[in-house]
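Enquirer: the following block contains a protein sequence and its predicted model.
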Amino acid sequence: MTATELPPPLVPLSTDISGLPAFMLDVERLFASELWAISTGEEFKAAVALWGRAWQQTPAGSLPNDDRLLAAFSGAGARWKKVREMALRGFVLCADGRYYHRVLCEDVLRASQKKEERRQRTLAASRARRARDGDEPTPPSGGKKPNENNETPHRNDERNDHRNGVRHDDRHDHRHDVRHEHRDDDVTTTVTRSHRQDRTGQKKEDSRPGQACEPVPGETPRRAAPATDWATRENFDRVEARCRAALPDRGPQDPQIGPMARLEADGYDLETEILPALLDAAAAARTPVRTWRIWADRVAERINAQRLTRAAQGLPATPAAPVAEEDKIDLGAPFGRWAEPVLRTAVAKHREMGGWVDHLWGPPPGQPGCKIPPRLLIVEAA
């Protein structure tokens, strides 16, 4: 086929997609293609590599008709001749002597159109902003743009006079109001907040300690709000001791245990929720945790997820309080002591589905040597 018989390039040379480093991959179209169905892994790898190289070429979506370059672009190297036919599947040789990928060129044209539309919107917004603010004349070489501050000395004088006049008027009005207010009330108060100006001319508010302020006569001084029950040193020490005992590395070298204590104040149970979630977070941690606040955030996230899961299963949002050791049922060695609700659940599941864990609870109900108390079996049978 001669050059005159070849189709024209699928993408104009002026097409610009610079700044767009990626293209969309139609997964359904890929899985339905012959390339996916009949290519080997090496052939498919070479084809995808050529797609990426074609997207970066000029014109975009094309490749040079040079086997040496194509072998390098595909990563096949010396095996290029074995994968060439399948790797170039979808490419068409055009009149300019380059290969164009039909599907990829569709994305190139679409991306170029979107980029041009975005550029036109930006230009329109810039023109609208200049029309709203007024056209600014081009400044002379080496000079500044004229504006309301430096356009003319006359304007600067007006601005300074206005600023000084307002400042003096405000100061006079403030002194006058304060003087008359003190005269009418006949009381002396101490100003607790003062205003000063920083380098930019803005007013800054400077607070003084409340202890340094004199009380207003006739007014009961305010007292600080009492600390809440959880924000006490005793409670902090208790929570910190339990958390450090639970963590394998004794926890971070952070004295601020307040975030962990706040979890308990927010309604999370320390023994049944906080400590198990803390152990779970510690097992999942890949890097050292330096502060208790980070631990508290991870613990709260896990507890909330567990509560949602329990609610979805029809269970109470919070697990039941742990049973005291003295209230557990002793099954003897080597089975140990178990809470009564656990044993009742195990018996119910055994009656329903037939499952039983011998190494935990001994022989199942109804078998010789069963360790389950008869009262639990009678209640379950009833």
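Expert: Great, that's in hand.

Enquirer: where does this protein dip in pLDDT?
Expert: By pLDDT under 70, the low-scoring segments of the chain are 1-4, 134-228, 320-323, 379-382.

Enquirer: first-to-last residue distance for stretch 89-105?
Expert: End-to-end distance for stretch 89-105, by C-alpha to C-alpha, to the nearest Å: 14 Å.

Enquirer: now do the buried residues in that stretch.
Expert: Arg89, Gly90, Phe91, Val92, Leu93, Cys94, Arg98, Tyr99, Tyr100, His101, Leu104, Cys105 (16 or more other C-beta atoms under 10 Å). C-beta here means a position set from N, CA and C on the backbone, and glycine is covered the same way.

Enquirer: for Ser62, what are phi and psi?
Expert: When read as degrees, to the nearest 10, the backbone of Ser62 gives phi -130, psi 160.

Enquirer: please, where are all the strands along the protein?
Expert: Counting by DSSP state E, residue ranges of the strands within the chain are 62-64, 91-93, 98-101, 193-197, 203-207, 329-330, 337-338.

Enquirer: touching the first one from outside, list them.
Expert: Contacts of strand 62-64 from elsewhere in the structure, counted by C-beta atoms under 8 Å, 6 or more residues apart in numbering, are 9-11, 50, 53-54, 57, 69-70, 73, 91, 94, 98-101, 105.

Enquirer: a markdown table please, covering the buried residues of stretch 89-105 and showing distance to Trp36.
Expert: Output for the buried residues of stretch 89-105, formatted as a markdown table (distance: C-beta to C-beta, whole Å):
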| residue | distance to Trp36 |
| --- | --- |
| Arg89 | 10 |
| Gly90 | 12 |
| Phe91 | 16 |
| Val92 | 19 |
| Leu93 | 23 |
| Cys94 | 25 |
| Arg98 | 25 |
| Tyr99 | 20 |
| Tyr100 | 21 |
| His101 | 15 |
| Leu104 | 16 |
| Cys105 | 20 |
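
Enquirer: closest to Ala285 out of those residues?
Expert: Distance to Ala285 across these (C-beta to C-beta) is lowest for Leu104, with 44.3 Å.

Enquirer: show me what contacts the closest residue to the closest one other than its chain neighbours?
Expert: Among residues not flanking Leu104 along the chain, Gly61 sits closest, at 4.5 Å (C-beta to C-beta, 6 or more residues apart in numbering). Contact analysis of Gly61 by C-beta under 8 Å, 6+ apart lists Leu10, Val11, Ala54, Trp55, Tyr100, His101, Leu104, Cys105, Asp107, Val108.

Enquirer: most widely separated two among the residues you listed?
Expert: It's Leu10 and Trp55 that sit farthest apart of the contacts of Gly61, by C-beta to C-beta, at 13.5 Å.

Enquirer: just the buried residues of stretch 89-105 now: which is nearest Ala261?
Expert: Leu104 (59.6 Å).

Enquirer: these two touch, right, the closest one and Gln56?
Expert: No. Judged on C-beta atoms under 8 Å, Leu104 makes no contact with Gln56 at a distance of 11.2 Å.

Enquirer: now for Ile303: which residues touch it?
Expert: Residues near Ile303 by C-beta under 8 Å, 6+ apart: Leu263, Tyr268, Glu273, Ile274, Ala277.

Enquirer: surely Gly355 is in contact with Ala348?
Expert: No. Taking contacts as C-beta under 8 Å, Gly355 lies outside contact range of Ala348: 10.9 Å.

Enquirer: looking at those two, which is more packed in?
Expert: Between Gly355 and Ala348, Ala348 has the larger neighbour count (other C-beta atoms under 10 Å), namely 12 against 9.

Enquirer: so that one versus Gln367, what's the distance?
Expert: In this view, Ala348 and Gln367 are 17 Å apart by C-beta to C-beta, to the nearest Å.

Enquirer: one more: Met353?
Expert: Distance, Met353 to Gln367, using C-beta to C-beta: 17 Å.

Enquirer: separation between Gly19 and Arg119?
Expert: Using C-beta to C-beta, Gly19 is found at 11 Å from Arg119.

Enquirer: what segments of the stretch 1-150 of the chain are helices?
Expert: For the stretch 1-150 of the chain, applying DSSP state H, counting those that start in this stretch gives helices covering 27-31, 34-38, 41-56, 67-74, 80-87, 102-133.
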